[in-house]
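[1] Coordinates for the following, if possible.
(one chain, ligands or ions: 2)
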Amino acid sequence: VKFVYDFTEGNKDLKDLLGGKGANLAEMTNLGLPVPPGFTISTEACKVYLGSGEEPSALRDEVSAHLAALEQRMGKKLGQADDPLLVSVRSGAKFSMPGMMDTVLNIGLSDKSVQGLAKQAGEERFAWDSYRRLIQMFGKTVLGVDGELFEDALEAAKTAKKVAVDTELEAGDLKKLVTKFKKIVKTEAGRDFPQDPREQMDLAIKAVFESWNGDRAKLYRRQERIPHDLGTAVNICSMVFGNLGPDSGTGVAFTRDPASGYQGVYGDYLQNAQGEDVVAGIRNTVPLAELERIDKNSYDRLMQIMEILENHYKDLCDIEFTIERGHLWMLQTRVGKRTAGAAFRIATQLVDQGLIDEAEALQRVTGAQLAQLMFPRFDEQAKVEQVGRGIAASPGAAVGKAVFDSYTAVKWSRSGEKVILVRRETNPDDLDGMIAAEGILTSRGGKTSHAAVVARGMGKTCVCGAEELEVDTKRRRMTVPGGQVVEEGDLISIDGSSGKVYLGEVPVVPSPVVEYFEGRMHAGADDADELVEAVHRIMAFADRKRRLRVRANADNAEDALRARRFGAQGIGLCRTEHMFLGDRRELVERLILADTGAEREESLKQLLPLQKKDFVELFEAMDGLPVTVRLLDPPLHEFLPDITELSVRVALAESRQEPHENELRLLQAVHRLHEQNPMLGLRGVRLGLVIPGLFTMQVRAIAEAAAERKAAKGDPRAEIMIPLVGTVQELEIVREEADRVVAEVEAASGTSLKLAIGTMIELPRAALTAGQIAEAAEFFSFGTNDLTQTVWGFSRDDVEASFFTAYLEKGIFGVSPFETIDRDGVGSLVASAVEAGRATRPDLKLGVCGEHGGDPESVHFFHEVGLDYVSCSPFRIPVARLEAGRAAS
Ligand code: PEP
Ligand code: MG
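    Ligands and ions are numbered 1, 2, ... in the order given. Okay, the predicted model is just below:
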């Protein structure tokens, strides 16, 4: 195998092998764009290294050969004393992990070659500045020296010289700083800073490999669900210099605004600087538009390249570039991250530009982004106290207590507090705190600062660069204009869509996208309406493409109507137990405790009209659409009084010698029905089989309600669903009785009701015997909540709070199997049950009504295994529609 590829050898589709950065550098090289020459060490080499602790034996020779070719091309050797070739060594994985892994610039400088560089560039200051940067970065990332020691020394040098920024340090100052830095390395790392350029390069390559498994990187991957076994590529690129004076500089640019999606000139530029200065937010950048004034030629060329890239990638690209003495170089590009709103806008804009088609547009947005757009926003009518305004870096409305360090953010959020992490700027060490916080507020840095990039990636609200806020992390407070002080723990609100910062808690209102789905949003010209327009169009694409139908889990007319507005094509699960709570609980209690048939009959007789009325309302709300009514499911004890409370009541009455016959009888019954594992006990079809008349009453209520709707010229489409079936015999018994009742109602009302009867598949045995069960069922609905519970043996009510955190941390699964379907286990049972069921009954209707029905990844799975519909809570219906469309395109 080959481990090293020249930039001219790769292309953008080789991200697995070359990482995103390497693949795109190759793509740009082949597009003829100005990319400094270099080569990429593949992820395969990294995997070998991480697996064995050693580089593959062929790697050294391959690197030597590519380096020799590079040297020949550049006409100078790595680290050559009189005119050194310098390179950068940069990490670059398949998926972007901003700031999570290592990069070292200026490799090749040494005590000798720094002089050569100075002479060649005619710039002594520049050479020493580059050298001190090398020692600093190399010391920190390769040799593991605490970065603050270097920063403190740099700070001290500035203070001694009484200057504010590092560009004001002169060659002599930097020379002294180099000596200081080398001492720090020697003391801290126990070795000298290596003077041999090849040794520098080899150590840097190894450090990049190892940074794949750094704590920050691992945490980020878990967050973003990036697999841990991909490894990173290493890009070795000849250096170009943005720190060669005022006619040099470095910057980042977007071909469109990643926050709004609009085309324009977006980015930041920093004169006389190297790349890491921009991302770290160390000096304040200027907006990219100012480059036109600073260096018109480079600006024009950059605009031209941005257009080439957008048309080539057919998407928003972000770009890192450097200008070396008026010559523009491209250091990186990739399809850029964007906010949820921008994703929808950009997708429709690109369709309008004819760059992509509808199917491709659907791949440019996700259900998770749509869900984000459905979050509430701040109430514009509310009385607010605005104290600052920064850059709207990542949208959303976040309210929480101000905290000023990552540790406190994590600690407070663990104890249930909502917090806003406030920093001057963030760096990768703040990741824990950013995850824990509701939102992030910084006083420095632009749209491309660490805080902004990472927050957008996480879908977290972020306002950055709110410069009039004076953040004092040491004293855990910030001062706002006018002098007011926000202490740790004070409530603040930040708006990531406008960049505004408020004191106190600002009330929130529904999002315009929800208003649109609710039918309350009207067309207009403001920003929100444009977003709504884009969502509207994308939803239409999805609805045209998708094969899966989408139903709702709803058990009252109000939810059903909302679901319908959101696009539900029926109800996939009406949980009738929800209809037995409140005032009706007592009736159920009496039913359960009845000693005689007559008593039971009486309770059922009272329940019947109530149930019927529920169904009439539901069928009316869903007129013309299927409504799957599930017969009573949950364990009986849920309808009975709490055992401890009741025991106390009985004991008290006893001690006071008060009459307590009824309580005692109740207590005995509660004891009788008490179960150690109620979820595995008397529930579902088992209830129907042991409590005479219960299911009969429910079936009658459904049938009579349907007949009544028919008589009213409605179009009821009821389906009766039997829960927790494990064997076809259970179903047959219930079915026989149900068929009889339905026939009776049909005869009495003189209508044909055509009520389908089916079952849930939510026990492993049901899935395994699906072929038999299909004999007695006209439809299956997979109850993936119970199926996950019983396949894994995980109590669905307990595990998430008990040991799932440990499981997620250990990477046993990347996401709870109750949230996203476990394809290999639970999923394979679903797939085989689908096959067996259809083999018995080719027209068997198949759906899912567990929570997974509204989970994006799971929707794709259900599409793949050939279900007819998914059913989810009303609020998730748009997400399910969108994902069903994406799955089919
Ligand atoms: C299920 O088990 O997946 C299901 C939908 O039923 P419930 O959640 O009511 O048990
Ligand atoms: Mg269930």
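
[2] and stretch 583-593, which residues are buried?
    584, 587-593 (16 or more other CB atoms under 10 Å). Heads up, the C-betas are built off the backbone N, CA and C, glycines and all.

[3] Which two of these have the greatest separation?
    Distance extremes for those: the farthest pair is 584 and 593 at 14.8 Å, using CB to CB.

[4] what are the bridge partners for residue 501, then?
    residue 388, residue 494 (DSSP bridges).

[5] Confirm for me that it is in contact with residue 492.
    Yes. At 6.7 Å, residue 501 counts as touching residue 492 under the criterion of CB atoms under 8 Å.

[6] Return every residue with contacts to both of the two.
    Listed contacts common to residue 501 and residue 492 are residue 441; contacts here mean CB atoms under 8 Å, 6 or more residues apart in numbering.

[7] picking that back up, any idea which of the buried residues of stretch 583-593 is the one closest to ligand 1?
    residue 588 (16.9 Å; CB to the nearest ligand atom).

[8] Just list what the host helix or strand of that closest one packs against, helices and strands only.
    Per DSSP states H and E, residue 588 falls inside helix 585-593. Helix 585-593 is packed against helix 597-621, helix 661-673, with contacts defined by 3 or more CB pairs under 8 Å, 6 or more residues apart in numbering; DSSP states H and E.

[9] Pick the most deeply packed of these.
    With neighbours defined as mean count of other CB atoms under 10 Å, the helices and strands packed on helix 585-593 peak in mean count at helix 597-621, which reaches a mean of 18.

[10] now the angle between helix 597-621 and the helix or strand just after it, please.
    For helix 597-621, the following helix or strand on the C-terminal side (DSSP H and E) is strand 626-630. For strand 626-630 against helix 597-621, the angle by axes from the mean of the first three to the mean of the last three CA atoms, to 10 degrees is 160 degrees.

[11] who touches strand 626-630?
    Here strand 626-630 has contacts from 551, 560, 569-576, 615, 618-619, 698, 702, 716-723, 758, 760, 779, 781, 847, 849, 871, using CB under 8 Å, 6+ apart.

[12] In the stretch 101-250 of the chain, which residue sits nearest ligand 1?
    For the stretch 101-250 of the chain, CB to the nearest ligand atom, closest residue to ligand 1: residue 225, 23.2 Å.

[13] per-residue pLDDT, the closest residue to that residue other than its chain neighbours?
    Using CB to CB, 6 or more residues apart in numbering and skipping the chain neighbours, the partner closest in space to residue 225 is residue 814 (5.2 Å). Residue 814 carries a pLDDT value of 73.

[14] Same question for residue 805.
    pLDDT, residue 805: 68.

[15] ok, residue 463 touching residue 497?
    No. Using CB under 8 Å, residue 463 is not in contact with residue 497, being 9.5 Å away.

[16] How about the contacts made by the closest residue to residue 510 other than its chain neighbours?
    Sequence neighbours aside, residue 376 is the residue nearest to residue 510 in space, at 5.5 Å (criterion: CB to CB, 6+ apart). The contact partners of residue 376, by CB under 8 Å, 6+ apart, come to 397, 508-511.
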